[in-house]
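Engineer: The sequence and its predicted three-dimensional model are supplied below.
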Amino acid sequence: AIVTPKEQLKALVAAEQRFVNAPPGAPGVPVGAELPDCTIAVVVPAYKEETQIEKVLSTMPAYIDWIIVVNDASPDRTAEVTQEFARKDKRVVLVNHTVNQGVGGAIASGYKWARDHDVDIAVVMAGDAQMDPKDLSRILAPVMRGEVDYSKANRLVSGRAFQMIPKVRYFGNSALSLLT
């Protein structure tokens, strides 16, 4: 039997039950119940990511329906590299800002695109290739099961983060995370 990418995702989500710490009787999909079909978009805020954006796009799991790259007025070739990739992968959508709005503005633009196109679930994955796409199923799992409306990961928790993220950024992000 051929297993579709969405069926693979559902299997991954079902396997993620061990990460759930919801209290008994909490709303959600019962263990073993059929998970809903849903459209999933990944919002990719991107600023000066011409060297990394193709890696982000090429490693996106097949179960993702839309990849919304928000080019935040990058002065480099981020938009061009994304457009070239979009010719090969029709899931890729490029949203261009004419004025830099910062990462928050880029994420908001991606969420608005997802809302306007009736996407069921939208997640964010940075355009700098420092987030592992294999982790997406763990972020999606509690949302797909109806246990939460919002799920967020912290890339600093991973043991790999120290090796992947430039040291100055890692320590700066760590300090800010502790303060907030």
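Structural biologist: Thanks, I have it. This one's a predicted model, so the numbers in the text were calculated from it and none came from an experiment. Numbers count the residues shown, from 1 in each chain.
Engineer: residues making contact with the helix ranked longest in the chain?
Structural biologist: Longest among the helix segments of the chain by residue count, using DSSP state H, is helix 102-116. The contact list for helix 102-116 (CB atoms under 8 Å, 6 or more residues apart in numbering) reads 41, 43-47, 66, 68, 70, 72, 93, 95, 97, 101, 122, 124. From N, CA and C alone the C-beta is placed, and that goes for glycine too.
Engineer: Do me a favour and average the pLDDT over stretch 76-95.
Structural biologist: In this model, stretch 76-95 carries a mean pLDDT of 98.
Engineer: cool, and stretch 110-126?
Structural biologist: pLDDT averaged over stretch 110-126 gives 95.
Engineer: now stretch 7-23
Structural biologist: The average pLDDT within stretch 7-23 is 64.
Engineer: same thing with stretch 40-52?
Structural biologist: Here stretch 40-52 scores 96 as its mean pLDDT.
Engineer: I'd like the distance between V70 and F85.
Structural biologist: Applying CB to CB, to the nearest Å, the value for V70 to F85 is 15 Å.
Engineer: Mind checking which of the two has more residues around it?
Structural biologist: V70 (28 against 18; other CB atoms under 10 Å).
Engineer: Tell me, how many residues neighbour the closest residue to the more buried one other than its chain neighbours?
Structural biologist: Closest residue to V70 apart from its sequence neighbours, by CB to CB, 6 or more residues apart in numbering: A106 at 4.1 Å. Using other CB under 10 Å, A106 is surrounded by 26 other residues.
Engineer: the strands in this structure, which residues?
Structural biologist: Using DSSP state E, the strands of the chain run over 40-46, 66-71, 92-96, 121-124.
Engineer: so what's the nearest residue to D120 once chain neighbours are set aside up against?
Structural biologist: Using CB to CB, 6+ apart and skipping residues adjacent in sequence, the residue nearest D120 is C38, 3.7 Å away. Going by CB under 8 Å, 6+ apart, C38 touches D120, I121, M144.
Engineer: burial measure for the second one, as a count.
Structural biologist: When neighbours are defined as other CB under 10 Å, I121 has 17 of them.
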